[in-house]
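J.: Turn this into a model:
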Amino acid sequence: MRLMTEVDMRALDKAIKIAPRILKFELGDGMDRISKGFLKRFRQQRLQGPPGVRGASGYGLFGTFKRVSLVSSTIEGMGMQVYSESKIAKLHETGGVVTDPSGGRMAVPLSARSQMFTPKGKLRAKYKKPRELKNVEPMRFKGQTFLVRVTKRAQKLLPLYVLKRSVRLKPRLGFYRVWDSLANYRIEILNKKIENALRKI
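T.: The predicted model follows:
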């Protein structure tokens, strides 16, 4: 983020000259507020299900995102970063192909099996390890292999997963899209912080 392209330059230059310490404090507080506000909106807009990705507030995909303030001896060097080191988060943002590192096939839960998911769309704990499920066997239908729950007494077959060697993810996270949509929000906060610094002189 570049402050010089987003704030009232005259007020900023004035504050830098006459109140640098106060300005650094105010800008630091403003950047902290911006990053918090961004993550809140990001979770609300893109991590509550379609058209984004389902995710929870304190764990899962959202829990991989971090906020960092960039400390500098000069006002010009101040800044902030909001980022994730998660490879899956990057794939959800840019799109790409997911494969099993061991070269095997992945068990992809079938979204039609609502009993496998919580009301918020999170996969229930007992379905996260398909190999540990009882009465589940691989079966082929129409050229694909499924993991199917077999109820012998009721003579019923219930497909739970489809086995795939790779899964292509579409770009749907919208991390940068939300950031860009908050341009006016960021400008307003920073300009108010500059005004606060000038008032304290």
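
J.: which ones are touching the residue of the chain most remote from its centre?
T.: Largest separation from the mean C-alpha position in the chain: Arg153, at 44.1 Å (CA atoms, centre = their mean). Going by CB atoms under 8 Å, 6 or more residues apart in numbering, Arg153 touches no other residue. In short, each C-beta sits where N, CA and C put it, glycine included.

J.: Which parts of the protein are strands?
T.: 65-70, 79-84, 96-99, 106-109, 136-141, 144-151, 156-164, 166-169 (DSSP state E).

J.: Arg124 is nearest to which of the ones you listed?
T.: strand 106-109 (9.6 Å; CB to CB).

J.: now for the closest one, which elements pack on it?
T.: strand 156-164, strand 166-169 (3 or more CB pairs under 8 Å, 6 or more residues apart in numbering; DSSP states H and E).

J.: Tell me which of these sits nearest to Ile75.
T.: Nearest of these (CB to CB): strand 166-169, 40.3 Å.

J.: Check which residues of the closest one are buried.
T.: Leu169 (16 or more other CB atoms under 10 Å).

J.: That strand - contacts with which helices or strands?
T.: Partner elements for strand 166-169 (3+ CB pairs under 8 Å, 6+ apart): strand 96-99, strand 106-109.

J.: Where does pLDDT dip in this protein?
T.: Along the chain, the parts satisfying pLDDT under 70 run over 1-6, 55-59, 154.
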